[in-house]
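Asker: Any chance you can model this:
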Amino acid sequence: MIVTFLGHSCLLVEENNYRVIIDPFLTDNPQAKVKPEEIDVDAILITHGHSDHIGDAVAIAKKNNCKIVTNYELAMYLAQQGVDVHPLGIGGAFDFEWGRVKLTQAFHGSGIEVSPGTFIYGGMPTGILLTMNNKTLYHAGDTGLFGDMRIIGELNEIDVAALPIGDNFTMGMKDATIAATWLKAKTYLPLHYNTFPLIEQNPLKWKEMMKENNNEVIILDVGECHIYDKGQLKSGEIV
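Answerer: I've put the predicted structure just below:
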């Protein structure tokens with residue numbers, strides 16, 4: 001499994017010649033180095049309805065003629081924009097040609113801003129368990145710390161857990177460190193930090209905090225990838 005960080009909470013996940021993008025916020029993302037028209041994928045996964053997570057999903061879906069997988073209400077909203085969708089509910093899973101997706105709970109908002117200051121209901125926010133070729137990525141989405149992360153860790157063998165550390169809108173580094181003790185993933189990626197002033201954090205500090213419990217943190221620059229292959233971690237640049 002190859003995981004590339006595209007900035008903010010956006011990950012590109014590749015396995016067996018399939019490519020899936022999660023929360024494709026690129027156009028208005030000051031960190032992003034690629035444009036939506038440069039993205040070639042087999043599917044799009046979205047954790048919740050905020051604009052920094054829906055991002056360029058519609059444009060990418062139309063370019064690639066691929067499905068968007070997300071919660072039911074958000075899926076129905078996106079379907080009205082002429083894209084193919086697959087709705088899921090929290091706790092529900094589905095096996096696609098390219099992999100298995102299961103939605104988990106997350107504690108956050110999910111309103112879709114349809115005009116400045118005007119929101120419509122975007123369904124419940126979620127995390128995502130993505131399994132491709134027996135390797136599992138847990139993308140926590142935007143969330144605070146919650147006790148059922150213990151259950152997610154107990155029921156799933158997680159190879160890579162991507163957790164928000166930006167604080168203010170999501171977990172900060174202290175709570176993300178607690179989450180890691182429950183999830184018991186093989187390695188961790190920090191997300192949702194340094195995109196905007198309100199979520200500025202030093203990921204190196206989190207890496208040091210995580211060492212106390214022998215948790216491995218991989219800090220990716222935008223465009224850098226993390227390769228999980230037979231238990232070996234490698235890094236490289238593929239975007």
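
Asker: in this structure, which residue is closest to the centre?
Answerer: Closest residue to the average C-alpha location of the chain: H139 at 4.1 Å, with CA atoms, centre = their mean.

Asker: Just give the closest residue to G55, not the sequence neighbours.
Answerer: Once flanking residues are discounted, G55 sits nearest to F25: 3.3 Å by CB to CB, 6 or more residues apart in numbering. Just so you know, the C-beta spots here come from the backbone N, C-alpha and C atoms, and that holds for glycine as well.

Asker: Also S51?
Answerer: Leaving aside its chain neighbours, S51 sits nearest to E113 (5.8 Å; criterion: CB to CB, 6+ apart).

Asker: roughly how far apart are that neighbour and C10?
Answerer: From E113 across to C10, the span is 18 Å (CB to CB, to the nearest Å).

Asker: Compare those two (neighbour count), which wins?
Answerer: C10 (26 against 14; other CB atoms under 10 Å).

Asker: next one: phi and psi at the more buried one?
Answerer: When read as degrees, to the nearest 10, the backbone of C10 gives phi -90, psi 120.

Asker: hang on, the earlier thing: part of a helix, is the residue nearest to G55?
Answerer: No: counting by DSSP: H, G, I helix; E, B strand; the rest coil, F25 falls outside a helix, being coil.

Asker: coming back round to it: bridging residues for the residue nearest to the centre of the chain?
Answerer: I128, A162 (DSSP bridges).

Asker: Looks like it contacts T126 (just checking).
Answerer: No: using CB atoms under 8 Å as the test, H139 is too far from T126 to be in contact (9.3 Å).

Asker: quick one: contacts for G7?
Answerer: Residues in contact with G7 (CB atoms under 8 Å, 6 or more residues apart in numbering) are F25, L26, N29, Q31, A32, K33, T195, V222.

Asker: Any figure for the gap between the residue lying closest to the third one once chain neighbours are set aside and I199?
Answerer: By the measure of CB to CB, 6+ apart, the closest residue to N29 outside its immediate chain neighbours is G7, 5.0 Å from it. Noted for G7: a distance of 12 Å to I199, by CB to CB.
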